[in-house]
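A.B. asks: Need the 3D shape of this:
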Amino acid sequence: MDIASFRTQFPLFDAASPETLTMLLEGVSEREFPAGRAVLMEESWGNAVFFTLSGWLKVRSLHNQDTTTLAVLGKGDFFGEMAILDESPRSTDVVAYDTVQLLSISAQRFVQALKQDSLLSYRLLQLMVKRLKKTNQRSQLRFQAPAMRVVTVLLGLGQSYGAEVDGGIQIYHLPVKDLGDLAEVSPNDTQKILDKLLEKNWLAADPQRHRLTLVDLKQLQQLSTPR
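C.D. replies: Here you go, the predicted model:
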């Protein structure tokens with residue numbers, strides 16, 4: 001991958017110097033993971049930073065036999081940087097929803113890039129603050145109606161990772177439990193909300209390809225607006 005493509009694919013690097021990008025690209029590795037594969041196990045955090053070329057993944061917390069989906073990642077996103085910066089253990093893993101292509105950069109090389117390029121460090125800080133804001137916004141949704149919480153999560157995924165297709169914005173069709181975890185709504189209620197949105201034709205599902213299309217964005221945005 002050349003420098004221009006690297007910048008275009010990953011917003012983290014849009015302000016990094018050509019020298020920094022050259023150094024990072026010299027140590028990059030590309031890997032493909034099938035659907036359902038654990039890309040990063042809890043004991044592996046801190047070894048590298050990963051960048052998503054294609055596919056959808058989830059970050060989930062682990063507690064005994066229970067799992068909770070904490071976040072969904074898509075094309076252009078990255079993960080693993082926090083474990084490198086604070087060097088503390090993680091009780092989470094990252095699992096591929098579908099076939100995923102990733103780039104990885106070793107922890108040592110990534111930290112070296114941050115030390116030598118202040119603009120890259122600043123850009124990383126900006127994106128981490130943006131993630132924190134999203135987390136805070138999600139926590140504030142707890143006081144809203146379940147349907148609003150579910151639709152807000154769907155719109156957020158569409159805005160961050162969705163692909164424009166005929167008829168709307170297409171995203172990965174998350175398992176009901178995972179969508180419910182993100183919206184903090186029970187799986188049963190989440191399924192009822194999805195069924196209603198599909199019945200109204202505000203959403204369209206393609207079960208074979210595991211894709212969900214946000215069809216009527218105007219209605220969905222109105223539903224996600226606090227009253």
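A.B. asks: And what about residue 39, helix, strand or coil?
C.D. replies: strand (DSSP: H, G, I helix; E, B strand; the rest coil).
A.B. asks: what's the neighbour count on the closest residue to it other than its chain neighbours?
C.D. replies: Residue nearest to residue 39 in three dimensions, not counting chain neighbours: residue 94, with 4.7 Å by C-beta to C-beta, 6 or more residues apart in numbering. All C-beta spots, glycine's among them, are computed from the backbone N, C-alpha and C. Neighbourhood size, residue 94 [other C-beta atoms under 10 Å]: 25.
A.B. asks: Repeat that for residue 195.
C.D. replies: Residue 195, neighbours per other C-beta under 10 Å, totals 11.
A.B. asks: before we move on, what about residue 56?
C.D. replies: For residue 56, the count of nearby residues is 23 (other C-beta under 10 Å).
A.B. asks: what's it sitting at in phi/psi?
C.D. replies: Backbone torsions of residue 56, given as degrees, to the nearest 10, read phi -120, psi 140.
A.B. asks: my read: residue 104 touches residue 28, true?
C.D. replies: Yes - between residue 104 and residue 28 a contact is recorded at 7.1 Å, counting by C-beta atoms under 8 Å.
A.B. asks: quick one, which of those two is more surrounded?
C.D. replies: Shown here are residue 104 and residue 28; by other C-beta under 10 Å, residue 104 has more neighbours (19 against 14).
A.B. asks: lowest confidence element among the helices and strands of this structure?
C.D. replies: When the helices and strands of the chain are scored by mean pLDDT, DSSP states H and E, helix 81-86 comes last with a mean of 82.
A.B. asks: Alpha carbons only: can I get that one in PDB?
C.D. replies: Output in PDB follows, covering the C-alpha atoms of helix 81-86 (Å, rounded to 0.1, in the frame of the first residue of the first chain):
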ATOM      1  CA  GLU A  81      -3.900   1.600  20.700                       C
ATOM      2  CA  MET A  82      -5.200   2.000  24.300                       C
ATOM      3  CA  ALA A  83      -3.600  -1.200  25.500                       C
ATOM      4  CA  ILE A  84      -0.200   0.100  24.200                       C
ATOM      5  CA  LEU A  85      -0.600   3.500  25.800                       C
ATOM      6  CA  ASP A  86      -1.600   2.400  29.300                       C
END
